[in-house]
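**Student:** below is the sequence, then the predicted model.
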Amino acid sequence: MCHLHFPKSCVLDSIKWYKDCKEIERERFTSLGLKLSVSNVSAEDRGNYACMARLTHLGKEYTVLNSITVNITERVGNGGRIPKIIYPKNNSIEVQLGSALIVDCNITDTKENTNLRCWRVNNTLVDDYYSESKRVREGIEAPVSFQDHTFYTVNITFLEVKMEDYGLPFVCHAGVSAAYIILTLPAPDFRAYLIGGLTALTVVILSLTGVYNIFKIDIVLWYRSTFHPNGTAEDGKLYDAYILYPKPQRDSQSHDMDTLVWKILPEVLERQCGYKLFIFGRDEFPGQAVASVIDENIKLCRRLMVIVVPESPSFSMLKNMSEEQIAVYNALIQDGMKVILIELEKIEDYTAMPESIQYIKQKHGAIQWSGGFTEQSQVATAKFWKKVRYHMPPKRYPPSPPVQPLKHTPCHCAPGTWETSMGLITH
């Protein structure tokens, strides 16, 4: 070892070794910076050695020299002189491509030994092998002295692991002892792939669930219109919905209620969508008892559509109406009929309403009428009607074409003969 100690501001380079005042150029001698390695030491290697280096300080160059006297001693047996490499142990290390890595070479050696400790790759010193990129470098040797031996640590640093480093033995040398490491790519972590796959699947399911919750009404209506499910074909029902509504006391509400029930509901649900509604006062036969009409026809309906208005006085009659009692009993208790609750206006408080209406609101929710009574509100594709159609059963009856007024066709009648523009019938 060339013991030249100067402050960090000084730069040492161009180190040369001499023996007996002659520059060393033999094969057994290897210059490693401040170290000189001598292999296969013999008695002729004793003598005076010198290391000379160029020192640069504050822009000025100096020549420094240090002399060393080397004695050669003989021992009987050399087992105790062979250094022991604790790590590495000719093992492989899994490391990710592109990552950084530091590997220590741990060595124990006797105190009097002067073995060279270094890292080599392809029989070349690591620092020389990577002299251009300096991507892989050997660290500074760190010795720790004990009573009968010295513990050395020499590391090798990979600033970035590349593909060319895999499968290449990196050998730690300590005198005649050597041990290597080989870098390998890590085996695929199937657990990570499994966790990643389950996470991705969960995200997809949550995303699809969120999309379905937002667009479920449009999705269901599209499915019905595309695949024409026939879920109500043989259920024995005659009507798709029974319309139950109160008789408001305010003239404006009464007019709006009549417009909705008698005009808009038939226009949209019956004519445009092909549903069949039972509206009391329109579809019963004259002379029938009210209770019988309601009891018989409510059983023929697939849905119960209840229309409510905000003012509690409007329900004073509804609380005691046989129509409401029979309809709710059949819908909620006897047949388990699905209920569609429609608010003609926004209702903030249901406490003043009948308990049956409160129960329906709590269990099924409510759809608020919107759009006024314009032509745009009478289109089946409006948002309000989509909600109503979503709760209605799948359409069973095809939409009926608009009713065309009958045209007068002149005819000539004679005994035994009827003559029209469509043909001639004779009897």
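**Tutor:** The structure has been received and is ready for your questions.

**Student:** tell me who's in contact with the closest residue in space to Asn71 that isn't next to it in sequence.
**Tutor:** Nearest non-adjacent residue to Asn71, counting by CB to CB, 6 or more residues apart in numbering: Arg46, 5.7 Å away. In short, each C-beta sits where N, CA and C put it, glycine included. Arg46 makes contact with Val70, Asn71, Ile72, according to CB atoms under 8 Å, 6 or more residues apart in numbering.

**Student:** between the residues you listed, which is nearest Gly139?
**Tutor:** Lowest distance from Gly139 to these (CB to CB) belongs to Val70, with 27.0 Å.

**Student:** what's the strand or helix carrying Ile205 packed up against?
**Tutor:** Ile205 is part of helix 190-227, with elements assigned from DSSP states H and E. Judged by 3 or more CB pairs under 8 Å, 6 or more residues apart in numbering; DSSP states H and E, the packing partners of helix 190-227 are helix 383-391.

**Student:** list the buried ones in the helix it packs on?
**Tutor:** For helix 383-391, burial by neighbour count (16 or more other CB atoms under 10 Å) applies to Phe384, Trp385, Lys387, Val388, Arg389, Tyr390, His391.

**Student:** so which bits of the helix holding Ile205 are buried?
**Tutor:** So for helix 190-227, counting by 16+ other CB under 10 Å, buried means Val220, Leu221, Arg224.

**Student:** measure the spatially closest residue to the last one that is not a sequence neighbour to Tyr212 for me?
**Tutor:** Ranked by CB to CB, 6+ apart and with sequence neighbours excluded, the top spatial neighbour of Arg224 is Pro394, at 5.1 Å. In this view, Pro394 and Tyr212 are 18 Å apart by CB to CB, to the nearest Å.

**Student:** ok, now Pro246?
**Tutor:** 35 Å.

**Student:** and for Ser370, the neighbour number?
**Tutor:** Per other CB atoms under 10 Å, the neighbour tally for Ser370 reads 12.

**Student:** ok, now which ones touch the nearest residue to it once chain neighbours are set aside?
**Tutor:** Spatial nearest neighbour of Ser370, chain neighbours left out: Phe384 (5.2 Å); criterion: CB to CB, 6+ apart. Contacts for Phe384 (CB under 8 Å, 6+ apart) come out as Ile367, Gln368, Trp369, Ser370, Gly371, Ser377.

**Student:** same question for Asp104.
**Tutor:** Applying CB under 8 Å, 6+ apart to Asp104 gives the contacts Tyr87, Thr153, Val154, Asn155.

**Student:** out of those residues, which are buried?
**Tutor:** By 16+ other CB under 10 Å, the contacts of Asp104 give Thr153, Val154, Asn155 as buried.

**Student:** return the member of the residues you listed nearest to Lys111.
**Tutor:** Among the buried ones among the contacts of Asp104, and counting by CB to CB, the member closest to Lys111 is Thr153, at 16.1 Å.

**Student:** the closest one touches Arg117, doesn't it?
**Tutor:** No - the criterion here is CB atoms under 8 Å, and Thr153 misses it with Arg117 at 9.2 Å.

**Student:** any residues in contact with both of those two?
**Tutor:** Common neighbours of Thr153 and Arg117 are listed as Cys105, Ile107, Glu141 (criterion: CB under 8 Å, 6+ apart).

**Student:** buried among those? Make that a PyMOL selection.
**Tutor:** Those of the shared contacts of Thr153 and Arg117 that count as buried under 16+ other CB under 10 Å are selected in PyMOL with:
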select buried, resi 105+107
